[in-house]
Every structure is written in structure tokens, then in C-alpha cells.
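[1] can you look at this prediction? I've put the sequence above it.
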Amino acid sequence: MSVRYLQSPIGVLRLTAQDGKLTGITLTDRAGEDDPDPATDRAAAQLMEYFDGKRKEFSLETAPQGTPFQRAVWKTLAAIPFGKVVTYGDLAQAIGRPTACRAVANAVGKNPLLIVFPCHRVVAANGLGGFTGGLPIKRTLLRLERVKISEKTAFSEKFFFTFPAKRDTL
């Protein structure tokens, strides 16, 4: 496994890859020893372009480790466009499991590829919701994408993304 640490505007990110595919992007308290490879280098470059406002989509080979349900949730996260948000209920509906909101929220919280699988774009029906990395980081990422945040009320409809009607189901 290769690893690279990246100092970013939201803190130190630990990037991991195996067999040329990105397996993790996580927040960490401090950098460790780098052992990068082309996959972590590409991810670092694309993440910095994102933070600089020059990238809205990622083009990386990924290999997240998780259950089939989790991978379905994470794959669907990747379809949420830059500058848009969805609710946990929207996400559950999109994977064909409309009553699985809690399970979806749990899978979102276990997202191994922060930012690339944009879990920060998932919000509660009546406001910001939670975020594994902390709400200040979620706010920072949404503001970077120019999503107007209102802490006390639901998001403006113009920021919501609607998944296409036909989606793969579990």
C-alpha cells in the first residue's frame, strides 16, 4: 500500500492507494512518512485543483473497501454534482432503498474517499446535518462550492440535485 500526506485547506489528508487505485482519503491529525505512487500523486494534484477552484469533477481510479450496500451508496455520492446537495432520503431513494435512510447515513459516515465521494453534499431534510470530519469542515467544503448555507432552515431549492429517474437498485 502506498501513502501520501497532503496539507490542504481543511487539514492534513492521508491518501492511500493499492495496485494503482485510490483506496482512501481521510483526515488525520498530522502527516507521517510518505510512500507515494502515481495514484496518490494524481489524487493529490486533483484535490489541490479542487481546493483552488479549478476542478469540479474527479477523474481517479478508485477501489474503496466496503460492503455492496456501502459501495452502492458511495458510487451514488459520486453522481452528486459540484455545488449541489441531496438529503439522506434522496440518496436512499436513488439506490432503490427508500426506507433505508439510517443505513444510508451510516454508509455515508463510513465513506473512505472524502471529497472524491462528496459526502459533504449530503444534508438533513431540515438543515446541514452531520459530517464525520466535523461541521466546520463541511461548511468550508460547501462554501468552496458556493452553496449558500443557512444553519437554521433548509437549503434553497436551487442547490438541490435530483437524481435521474432510472438508477441501479440493490
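    Sure thing, it's come through. Only a predicted model underlies this, so the values are computations on that prediction, with no experimental measurement involved. Numbers count the residues shown, from 1 in each chain.
[2] got a list of what residue 47 touches?
    6, 8, 13, 15, 25, 115 (CB atoms under 8 Å, 6 or more residues apart in numbering). Yep, even glycine has a C-beta here, placed from its N, CA and C like the rest.
[3] centre of the chain versus the helix ranked longest in the chain, how much separation?
    For the chain, the longest helix by residue count, based on DSSP state H, is helix 38-51. Its chain's C-alpha centre and that of helix 38-51 lie 15 Å apart, by CA atoms, centre = their mean, to the nearest Å.
[4] so which bits of stretch 119-136 are buried?
    Of the residues in stretch 119-136, 119, 120, 121, 122, 123, 128, 129, 130, 131, 133 count as buried by neighbour count, 16 or more other CB atoms under 10 Å.
[5] what's the most distant pair in the residues you listed?
    123 and 133 (14.6 Å; CB to CB).
[6] isn't residue 124 up against residue 86?
    No - counting by CB atoms under 8 Å, residue 86 is not a contact partner of residue 124; they are 10.9 Å apart.
[7] strands along this protein, start to end?
    Counting by DSSP state E, one finds strands in the chain at the ranges 2-8, 11-18, 21-28, 86-87, 122-123.
[8] will you turn those into JSON lines that also has mean pLDDT and distance to residue 57?
    Below are these laid out as JSON lines (pLDDT from 0 to 100; distance: least, CB to CB, whole Å):
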{"stretch": "strand 2-8", "mean pLDDT": "97", "distance to residue 57": "18"}
{"stretch": "strand 11-18", "mean pLDDT": "98", "distance to residue 57": "18"}
{"stretch": "strand 21-28", "mean pLDDT": "98", "distance to residue 57": "15"}
{"stretch": "strand 86-87", "mean pLDDT": "94", "distance to residue 57": "16"}
{"stretch": "strand 122-123", "mean pLDDT": "94", "distance to residue 57": "17"}
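[9] quickly compare those strands and say which is most buried.
    Highest mean neighbour count of the strands of the chain: strand 122-123, a mean of 24 (counted as mean count of other CB atoms under 10 Å).
[10] spatially central residue for this protein, please.
    In the chain, the centroid-proximal residue (CA atoms, centre = their mean) is residue 118; its distance is 2.1 Å.
[11] and that one, what does it touch?
    With contact taken as CB under 8 Å, 6+ apart, residue 118 is in contact with 77, 78, 80, 141.
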